[in-house]
Structure formats: C-alpha cells, structure tokens
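Colleague: Here is the input, now give the coordinates:
(2 chains)
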Amino acid sequence: MLNKEFADRFRVMMVCIIGIFVILIARMAYLQLYRGDFYYRQAEGNRTRFTTILAPRGIIYDCNGEELVNNKPGFVVSLTRNAGEKYSPELIAKLAVYLRMSEDDIQKIIDKNKDSYEPVRLMRDAPPDVVTKIEENMRDLHGVMLEVQPVRNYVNRELAVHALGYVGEVSDYDISQGRFQDLKAGSIVGKFGLENFYDQFLRGTDGSYREEVDVNGRIVQILSKVNPHPGQSLVLTIDAKMQRVAEEAVDKQLALLRANGVAPNARACAVVAIEPNTGEIKAMVSRPGFDPNLFVNGISSKNWRVINEDPFNPMTNKAIAGEYPPGSTFKIVTGAAALQTGKVTPNELIFDSGRHWLVDMRNAGGEALGYIDFQTALAASDNVYFYEMGNRLGIDLLDQYAAKFGFGKATGVDLYGESSGMVANPAYKKKVFNEDWFLGDTFNASIGQGFNLVTPLQDALMLCAIANEGKQFKPHLVKKVINDDGSVFKTFAPELINTIPVDKNNIELIQRGLRGVTQEGGTAASLAILPVVVAGKTGTAENPHGVDHGWFIAYAPADQKPSLVVVVVVEQGNYGALSAAPIVRRVLEYAFKEQE
Amino acid sequence: MHRTRILRNLDFILLLPVLLLILIGIITIGSATHMNMPNPNRYYYVMRQSMFVIANLVLGYYFLRFDYRMLKDLAKPLYLFNIGMLLAVMFFGHTVLGAQRWIQLGPISLQPSEFAKAIMIICLASFVDRKLPTLDNFTSWLPVFGFVFVPFFLVMKQPDLGTSLVFAAILLGVMIVCGFKKKYFLAIGGIGLAAAPLLWGVLHEYQRNRIRVFLDPGLEPYGSGYHVIQSMIAIGAGLFSGKGLFGGTQSQLDFLPENHTDFIFAVAGEEFGFVGVTFILLLYLLVIYRGLTIAMNASDNFGCLLGVGVVSMFSFHVLVNVGMTSGIMPVTGVPLPFLSYGVSSLTTNMFLITLLLNIDLHPQKLRFD
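Modeller: Model (predicted):
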C-alpha cells in the first residue's frame, strides 16, 4: 500500500501545499496591509472624480443695461485623469474622428495639461452632432466625459469687439508672467480688451464637484459640491445703439470710399465718441474687426490665419493703438499755443499768398486766401497762417503745448495696449534720422504733418479740452462694477486728469474757429444741415505709403455746453472732409436726434 | 450503504469548510452581480448558483451510497468519453473571449474542460493503480505521461492553458506519491527550462501576451493588464478589515471585470479585507489537509490516488486563481473552487468533495450485507 509505506511522501506534499498558502497569505498581507494605502487611494481615484464647475464670468452691459457679453451653456468634451497615466492611442484615434480634430492636436492638448489634476478639456462648446456621437459611444470611450459649462457669448459678435475683447484659455506664458499664477492650466481668462483689463472682477471663483463614477465614467452619485462664485458684472459707458450706428456708418462709408475710387484701400478706420465732461466713452470702433466668439473655444488655425494675415491688422484697437499724424486737427494745438503765448492776436491779419515767404511750403490745392485772421484761418484750415504760427512759436514751445494737451503719452484709458504717440523734437530727428532740424520741420509740425503721431483717443482728448473749458477727464469705458446680487461694488466717477493752461477767452476763440468749419465756407460745411450746432476740424494726414489718412474731429452742441466729442480717422481714406466727416455726421445725427 | 450510517460517518471537518466556502461564494457572487442586473432578476446568479448547490448536494448524497471503487470499472469508458467530449468542443463548441470552451445543453452552457478535470482524476488513478507495481524507472512512466498527454493536448488546443496545466498538476501529485525519483524531477525541470523558448512558440499570441503583461501589467493598463491592475487595486483597497459587503467600489462600479467568475477572489478581498481572505485561504487549507488525510487513510491505492488527485487539483486551482488575482501568476481562466460562479466548475468540485467523502466512508471493500 502506497500510503502505509510512504507516509513521508504525503508529508512532502503537505509541506509544499502549506508553502503555497504561506506565499498566498503573504501576498495578501503585502497588498492589503503593506501597500494597502496605495491601493486604497487608487480605488478612490478610480471611483471619484473632481470636476471643476466653471464660475460664469460677469455680464457686460452697455450704459442702458443691454447685455453685450453673457454666458451660454455649452458642452465640454473632456478626458478624466483616472488610473491611467497614459491615454491609449485607440482612444485618441476614436476621439479624433468624433471631434474632427487631428490626433496630434489632441495629444498636444493632453501634453499641455499633463501636470494638472483637472480633466483635460478637449473641446469647449461642442456642436450638437459631436455631443450626440460622444454620448452614443460612451461605453467605448473610457475616461471621456461631457460637462456642461458656461461658454462666453458675445451677443453682437463683432460689435465693439476691440473694447469688449475676448476670453481664452490662460497660456503658460500668462501664468509665468505672474498675473494669473494662481490659476490652473486650462482656466478661462480675459485675453484682450475689457475682458482682459477687468479680468479680476469678471472671472469669479470656480466651484467643484466630487463625483462617484463607474467604469464608464457615468456619474453614480455626487459626493460633495462647492458652488462656483459668479464673476462681477460691468456696466459700460458705451452706448450700444450709438456703437451700432457708428459701426454701420463706418462700414458703409468704407465701402463707398472704395467703390468710388478715391480711396481703394480704405479698410481701416477708428472712431471714438466721448463725453468731454466725464471722460465716458460712448462708442469706440476699430476696423477691420473680428468675431470674438471665434476665440472662446480656441481659435482654429484657419480662422487665425485669416485674421493674422490681414494687412490691416484686425487685432489692433486702432482707437487707442493706431498712431497717425494728426494732420490739420493739430492746428488747434498750434493756434492755442500761439494765442496763449501772445505770438498772435485774434485780430491780426496775416497775408496768405498761397505759400510761406521763408520756406516754399504751400496750401493744399494751391489756394491763396489773402489777409486772414485767426478764426478764418482755423475754419478754412489755412496752412500758410499756421506755418507762420509755427515760425513764431518755435518747435520747443509747440512741443510744450502738444504735451500739455496730452500728446506723447498714454491717456490711461482702461484698456491694455494703448500707444503713447509721438511728439517729435530736434533731438528725436537727430537720433533717429541723424539729420538736423529745419524750419520746414517746424512748419510741418505746426500743421500736424511730419514726425508727430497721435492716437484717435489722444486727439479726442485734445478736443475735449477745447469743448470743456480746458478740462480733460480720464477717458474710460466702465461706469461701474456690480456684484452678483445687483449691488454696486465700485463706481468709476469722472476723474479730472488735466487742465490745459489756455485762457478761457482763447479757448472760445478756437471754439468759434471750429464752429466756422461746419458753416458755409468751412472745410466741412456738409455738417451745417444737422439739427445741432457742430464745431469740428478736418485733417488730412500725409501718408508716404499710400493714400492720405482722413481725419474729422468734432463736438456738439457747439452753441451750448458740448456733451459729445466724436473723432474719426479713416486710414488711406483721402481728405478728412470727404472720408471721415460723413461718419461723424452720422454719429452726431443719431446722438442728437435721439436726445430731442 | 444505510442513510444514518452515511450521516454519522461523514467527515464534517471536510464538509463544513466546503459548505462555508460555498456560502461565502454565493454571498460574494450576490455582491458582485446585483448592481448590473435588472431588478426582478437582481439575484439571478445567486439563485442559479444556489439551485445547483442544492442539486449537487442531493446528487452527492446518492453518490455516497455507492462504493467509489465502482469508478475503477468506469475508467476506460470515461476516458474515451472525455476525449470525445473534448473533440466535440473543438468542433461544436462556441467561443467566449477567444477560447472555445463551451457547449450549449438546453438552458445550460457547459464547460466540458471542467468535467474533464474530474474524469482525469478518476482515469489517472485507475490507470496508475494498475501500473503501480511496474513503476520503478523512468521508461515505465512513459505510458502514464502519454495517458495524460492526449487530453492535455486537446484542452490546450481549445485553447485553455489553465485547464491543461490542471492535468499536469494532478499528474504531479500522483508522481510525488508514487515515488517518482527526485533526479527525474530535476531532469524534467531542466529540460522544461531549456525548452521554454520552444514552448513560447507553441503558445497562442494571446497567451504570450498574458505572460508579457503578467511580467509588466503597466504594458497595457487598458488592455489585458487592466484586469490584473484593477484586481490588485481591489484586493489592496480592502485593507485589514475590508469595505464591507456590497461596499467594494472596484466591483460595484464595474472597474473589476469578470468579477463573479474568475476574479471573485478580488471582490472578496476588497469587501472582506485581509481578515476575510485569510479566513477563506485557511478554509481551503483545511479542505486540502482533510483531503490529503483521507487519501493517506484510504484503504486501497485507487482511493489514495483519487484523493491525491483531488487535493492536487484544488491546490493548483487556489494557487493559480489567487495568484492571478493578486498579480503573482499569469492570467489563465482557472476558477476559484466553490467561490466562482459557474455550473460546470461547481458541479465538478462538489462531486470531487463527495468523492473524498466516499473514500472516507468506504474503508474496505464492501461485502454483501
């Protein structure tokens, strides 16, 4: 008998079997006791998911309470970061098909977010057909989820885009620069315009869900929730109706200028409409524009190319960053300086023979007006008269007054990217062109040609000083910041930033001259038909690279306390009276018809 | 044999741990499956498993009335039946998860390879019993090897590496007890190692992949490594005392695949913790110890060899299944005896337990009484 003779063989077997069980129990001890915490966390990581609930950004209202920017619910397609450190190529390939993105693009987004514990957001505001496809195939898309998140919505698309700006995902560069350092990758921040400038108010605080999910990413239950804190809203100084009128007027005028051949390249334009007594900007236009909604979900490379390769730079807010020679609008400054320093009296008659006697520089179009006084010279925009003013003042005094009007430095408007313009002097010419300063340079400066550059907003502020007894208020676009519950958080009151050192009677002399501009015999007599008395100044800025830029700046009502300054520059638009004045006329027509 | 005698003489130290394991199995199956079943059938798997437990208990009770020695005469036809059944699977079986293992019989899907294990134990015991006097050198063992190799090969072709290795394990137990020489073991082991590359070539691609992934589960965290990773997470997350019945998130939320069959042990690990799995493993050890004791005390070589076969098979199953769920063995489709859901394996295992009880109940050849 086997068992009776060889009991030791059974013992060998039993020892082997006990050995096996010792190993198995040891393995259990290793997994459950020694490494238990690790696996416990892994299991928790499997079943729990943190999802950020994006705080809706604040609403942006115009001065009449019209919503210009709000939020709409949108589906976001995201990848969770569960147990897998790596997403399978099959999954990415499937997603590429459903999302109509390239696998490379998806991988890039994943790589960009690899250090974050947030879900990787692949597509914001996914279109309905994409959402349907993802939902139907959820079982095969391990780790993919759909979130409903607020998506920024620019209600009127292009309207006031350069003032409003747009939002986008915060970039690594932004974070490294420190301003957004407490934000997670993928957070939405203002990138441009007011969205950017007032981001800290608009953004709000994100909330989060802690959810229990099953293997397919379906939510089983919500374990905890931290509510998001919506951002604060902005009430703008902008009047959406006036903005709309201005934009329509610009588009119509540009098309007209191109069509009738006087300005084949008239595609860029800037408009600023501002209240001289408060600094509130009522309209701000820059052309060409773009649709900010394109940027909200990350702009496609095709759309980006279209915008980026446009030679007229749609991304530049020309109202604050466009720099142009001021042309004859600068004669206001030259005149104010000459009157204030006593270099000329209002009644002194200066003989215009069509050219200046010291340097052979002439009027435009070969005009010769004979003996003229200050008021006529301004109304008729006589070059020879103002050459002489320049001659009497000298470039240093002229520059001083230019600076006193606010040229050469940023106005401090509540937008980033403002240009400071340029007040040229002999030292500048020497440094940049290595040439001496000639009297002709002073002549050019006195009529706003040559080296001087101003932004439309600076020019508007200059005219504000004339319209408002020498006072300049800080230009601004936001009236107040309001809380989620509607209470006012902060009000931006009018802020006097400068009073130009020009006497009241001198200002009145200039005002009278500017009123003459829109009268019979003035350079913009076409505005005489308006129901409101308008004072203005045309300008044509010489452009060595093409057709001249046309300016028209105006305020109204000119017979009472002026309440609105409108400045328009049409790049390569030709004469200001021809190109810019009709836009100003339309805006004023709207503004003052409305009030009466 | 008389009813009262059977009940009086039953080895309850063997039977009770088995019944306890079956009960734990049913509870765990309930926990693993109720979440995914539509409401009226929430406990479908529990009902089904329980039903077959009862059926097998009844069958087993009747089986105990016969002397196990009658199986000796059935060995030859059983062996042929076994071959025929495995061939039938090859030609008529349907494929699940890449392996052809199932045969449909009315409402029941049968896995012939499970029954083949029991049949193999009986046939091998009978075969070796007859050859025993001549088994003294290596060549005398060759017919035994050949005897095992035929079904081994057929099962491996299904392909079901796990079950074919069960045959090898049964043979190994028998070889140890029959005094197969240590030097031969060493020689075979050496040859086996040397032939490993050759064997690698014989394996199916999916089997090779399982071994690759076994060596590094991170290779395919969402592919075949996924099972093992999720299973290890489940067991580890159970910590000392477990998350409680129905409390295991890994299985309740479906992260753990095959959680009521091959990976049931991971469910137990997560929900009952170290205390629970140690208890379960000790129950197995008790069953195996009792089985080996019965084999040692068997009144003839046939009974002894049967017992050894059963013990070897159980040991191997526990080793491979628990090893697989805890990441120290490659993934092969070997169920955990008594715990895993499955009619074929439950029936086979309960039959083998009654076989042990039978050996214990029939100490000597019955005379006519």
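
Colleague: Centre-most residue in the chain?
Modeller: Picking chain A for this. The structure's chain A has its C-alpha centroid closest to A:G193; by CA atoms, centre = their mean the separation is 2.7 Å.

Colleague: other chain: chain B
Modeller: Note: chain B centre (CA atoms, centre = their mean) maps to B:H317, 4.7 Å.

Colleague: For it, what is the enclosing helix or strand?
Modeller: Counting by DSSP states H and E, the element that carries B:H317 is helix B:301-325.

Colleague: Briefly note if that helix comes near chain A.
Modeller: Yes: Helix B:301-325 lies within reach of chain A by CB under 8 Å from any CB of the partner chain, at B:301, B:304-305, B:308, B:311, B:315, B:318-319, B:322-323. In short, each C-beta sits where N, CA and C put it, glycine included.

Colleague: Turn those into TSV, columns for distance to A:Y575, pLDDT and neighbour count.
Modeller: Output for those, formatted as TSV (distance: CB to CB, whole Å; pLDDT from 0 to 100; neighbours: other CB atoms under 10 Å in any protein chain shown):
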residue	distance to A:Y575	pLDDT	neighbour count
B:N301	122	90	18
B:C304	119	93	26
B:L305	116	94	28
B:V308	112	95	33
B:V311	109	96	29
B:S315	103	96	25
B:V318	98	96	25
B:L319	97	95	20
B:V322	93	96	28
B:G323	92	94	21
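
Colleague: by contact count, what packs against the helix holding B:H317?
Modeller: Applying 3 or more CB pairs under 8 Å, 6 or more residues apart in numbering or on different chains; DSSP states H and E, we find helix B:301-325 packed against helix A:2-5, helix A:7-29, helix B:112-131, helix B:161-177, helix B:225-237, helix B:264-296, helix B:343-361.

Colleague: ok, the residue nearest to the centre of chain A to A:G279 distance?
Modeller: For A:G193, the distance to A:G279 equals 18 Å [CB to CB, to the nearest Å].

Colleague: As a check, name the ranges of all helices in the stretch 151-300 of chain A.
Modeller: Secondary structure of the stretch 151-300 of chain A (DSSP state H, counting those that start in this stretch): helices at A:161-164, A:172-176, A:193-197, A:199-202, A:240-259, A:293-296.

Colleague: Of all the ones you listed, which one is nearest chain B?
Modeller: helix A:172-176 (27.7 Å; CB to the nearest CB).

Colleague: can you pull the buried residues of that closest one?
Modeller: A:174-175 (16 or more other CB atoms under 10 Å in any protein chain shown).

Colleague: Regarding A:A467, what are the backbone dihedral angles?
Modeller: Dihedral angles of A:A467 (phi, psi; degrees, to the nearest 10) stand at phi -70, psi -20.

Colleague: Please work out how many residues are found near it.
Modeller: Neighbours of A:A467 under the rule other CB atoms under 10 Å in any protein chain shown: 27.

Colleague: Can you tell me, leaving aside adjacent residues, what's nearest to the closest residue to chain A within the stretch 151-300 of chain B?
Modeller: Nearest to chain A, among the residues of the stretch 151-300 of chain B, is B:G236, at 2.4 Å (CB to the nearest CB). Leaving out its chain neighbours, the residue that sits closest to B:G236 by CB to CB, 6 or more residues apart in numbering or on different chains is A:Y39, at 2.4 Å.

Colleague: List the buried residues in the helix or strand the one you found falls within.
Modeller: Following DSSP H and E, one finds A:Y39 within helix A:36-47. Neighbour counts over helix A:36-47 (16+ other CB under 10 Å) mark A:36, A:39-40, A:42-43, A:46-47 as buried.

Colleague: And the contacts of the next helix or strand after it?
Modeller: Downstream of helix A:36-47, the first helix or strand assigned by DSSP H and E is strand A:48-53. With contact meaning CB atoms under 8 Å, 6 or more residues apart in numbering or on different chains, strand A:48-53 is reached by A:80, A:82, A:117-119, A:145, A:147, A:149, A:184, A:206-213, A:217, A:223, A:225-228.

Colleague: Buried members of those into ChimeraX, please.
Modeller: Buried residues within the contacts of strand A:48-53, by 16+ other CB under 10 Å, are selected in ChimeraX with:
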select /A:80,82,118,119,145,147,149,206,207,209,211,212,213,217,228
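
Colleague: same for chain B: which of the contacts of strand A:48-53 are within range?
Modeller: When those are checked against chain B using CB under 8 Å from any CB, the ones in range are A:212-213.

Colleague: Please narrow the contacts of strand A:48-53 to those residing in strands.
Modeller: A:145, A:147, A:149, A:207-213, A:223, A:225-226 (DSSP state E).

Colleague: residue ranges with poor pLDDT in chain A?
Modeller: For chain A, applying pLDDT under 70 flags the ranges A:1, A:3-4, A:81-86, A:114-118, A:217, A:594-596.

Colleague: ok, back up a step: which residues does the residue nearest to B:G236 contact?
Modeller: Applying CB under 8 Å, 6+ apart, one finds that A:Y39 lies in contact with A:31-32, B:232-237.

Colleague: would you turn the residues you listed into JSON lines with neighbour count?
Modeller: Listed next are the contacts of A:Y39 as JSON lines, based on neighbours: other CB atoms under 10 Å in any protein chain shown:
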{"residue": "A:L31", "neighbour count": "28"}
{"residue": "A:Q32", "neighbour count": "28"}
{"residue": "B:M232", "neighbour count": "23"}
{"residue": "B:I233", "neighbour count": "28"}
{"residue": "B:A234", "neighbour count": "32"}
{"residue": "B:I235", "neighbour count": "35"}
{"residue": "B:G236", "neighbour count": "30"}
{"residue": "B:A237", "neighbour count": "30"}
